[in-house]
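A.B. asks: With the input below, show me the fold.
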Amino acid sequence: MSSQTSILVVDDEPNNYDVIEMLLSRDGYNLDYARSGLEALKYLDDRLPSVILLDVMMPDINGIELCQQIKAHPAWYPIPIIMVTALNSKEDLARCLDAGADDFVSKPVNGVELRARVRSMLRIKQQYDALQSTLQLREDMSNMIVHDLRNPLSSILLAGTVLQLMDLPEKPQRKLEQIMLAGQQLQSLINNLLIMAKLEAGKLLLHRTDVDLCEIGTAALFDFEAIAAQKRIQLSSQLPEPGGKVCVDASLLRRVLDNLLSNAVKFSPCGSQVGLQIDYLAEGHARIQVTDSGTGISPELRQCIFEKYEVGRLVQDVSQTGLGLAFCKMVVTAHDGSIAVTDHQPSGSIFTVEI
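C.D. replies: Okay, here's the model as predicted:
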């Protein structure tokens, strides 16, 4: 095993550490020692071990509580944890596993068993790291491809804008409008993908300013009037009086509104109604609700539809990428807000954003 493989032993009894050090000495691991749960947490803030050997019975934070804290931390949860315990009832062992432990050894510790379990956890960690590297490479390549699509698409939209200034016959003009609409939709999708990549990587900074939600809501509805008219859908609104403010990233919030309104129009039948309601709440918060008249969303799908590439119920002749609602969820979460969906009577859904 590589000399770089490190094992953190967390135990309030130094003699127990000495025993483990002796049992693992032949394998060439780098062993570090923490006398308490608090000391272990400080250690993890500085560096990440390959495996953690964690005693269950400790005075300040017991092993089960510490295991739960470690597994709840995004940067720490992949570290395999082997619980070292004198407890031997099935209920106690179940508590260790429920807390997130990956394995356990019983006291008094047997050297052959300990070495085998450590090797097993290291193999799992190596496989996990290799998989994460592959996934990251795939994600990076996808983001590069998406980014590179922007230049040719910008050329297409620019050429279309120039053609719109010309006095074209009616039929070519309609085709040009279709090209421009499709190009704008593709541009919006590309921008959403790039913003989502930055959000997931923690590299997107919110540019918060005081935003008038009446103004942003009015602008969003105006931009969807033509699309709604094609399906004879009526857009209704209940907007606050002008002058109210919330501190948000105006560009991202507008994209959230566009995605929700786009979905509402897309999934509502011809001749129905789509509604936008915005209310200011206490302490600089606000609620945004978009109501559609579609088929609705079943209770079992109401959480998963906010995940990437989840589309809920497939609808014939409607493009569904499974990215719009995922984008909304990421942006709203970045603002420390919430998004949810409920039934709209007699049919349809209500998407509610509190931000």
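A.B. asks: where along this protein do the strands fall?
C.D. replies: For the chain, the strands defined by DSSP state E cover 6-10, 30-34, 51-55, 81-85, 103-106, 208-211, 234-238, 246-249, 273-280, 286-291, 338-343, 349-354.
A.B. asks: Return the most buried member of the ones you listed.
C.D. replies: Ranked by mean neighbour count, these are led by strand 51-55 with a mean of 26 (mean count of other Cβ atoms under 10 Å). From N, CA and C alone the C-beta is placed, and that goes for glycine too.
A.B. asks: What pairs with that strand, parallel or antiparallel?
C.D. replies: strand 6-10 (parallel), strand 81-85 (parallel) (DSSP bridges).
A.B. asks: Any idea which of the strands of the chain gets closest to residue 22?
C.D. replies: strand 30-34 (10.4 Å; Cβ to Cβ).
A.B. asks: quick one on the thing from earlier: may I see the strands paired with strand 51-55 arranged in TSV, with mean pLDDT as well?
C.D. replies: Formatted as TSV, these follow (pLDDT from 0 to 100):
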stretch	mean pLDDT
strand 6-10	94
strand 81-85	91
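A.B. asks: JSON lines for those strands, including distance to residue 199?
C.D. replies: Converted to JSON lines, these look like this (distance: least, Cβ to Cβ, whole Å):
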{"stretch": "strand 6-10", "distance to residue 199": "32"}
{"stretch": "strand 81-85", "distance to residue 199": "29"}
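A.B. asks: Figure out which of the ones you listed is closest to residue 189.
C.D. replies: strand 81-85 (40.8 Å).
A.B. asks: contact partners of that closest one?
C.D. replies: 11, 16, 20, 51-57, 63, 67, 70-71, 92-93, 96, 100-107, 109, 117-118, 121 (Cβ atoms under 8 Å, 6 or more residues apart in numbering).
A.B. asks: how about the helices in the stretch 251-355 of the chain?
C.D. replies: For the stretch 251-355 of the chain, the helices defined by DSSP state H, counting those that start in this stretch cover 324-334.
A.B. asks: shaky segments in it?
C.D. replies: 308-322 (pLDDT under 70).
A.B. asks: before we move on, back to that, can you redo the strands of the chain as JSON lines, where the extra columns are distance to residue 328?
C.D. replies: Output for these, formatted as JSON lines (distance: least, Cβ to Cβ, whole Å):
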{"stretch": "strand 6-10", "distance to residue 328": "40"}
{"stretch": "strand 30-34", "distance to residue 328": "42"}
{"stretch": "strand 51-55", "distance to residue 328": "37"}
{"stretch": "strand 81-85", "distance to residue 328": "35"}
{"stretch": "strand 103-106", "distance to residue 328": "40"}
{"stretch": "strand 208-211", "distance to residue 328": "17"}
{"stretch": "strand 234-238", "distance to residue 328": "19"}
{"stretch": "strand 246-249", "distance to residue 328": "13"}
{"stretch": "strand 273-280", "distance to residue 328": "14"}
{"stretch": "strand 286-291", "distance to residue 328": "10"}
{"stretch": "strand 338-343", "distance to residue 328": "6"}
{"stretch": "strand 349-354", "distance to residue 328": "7"}
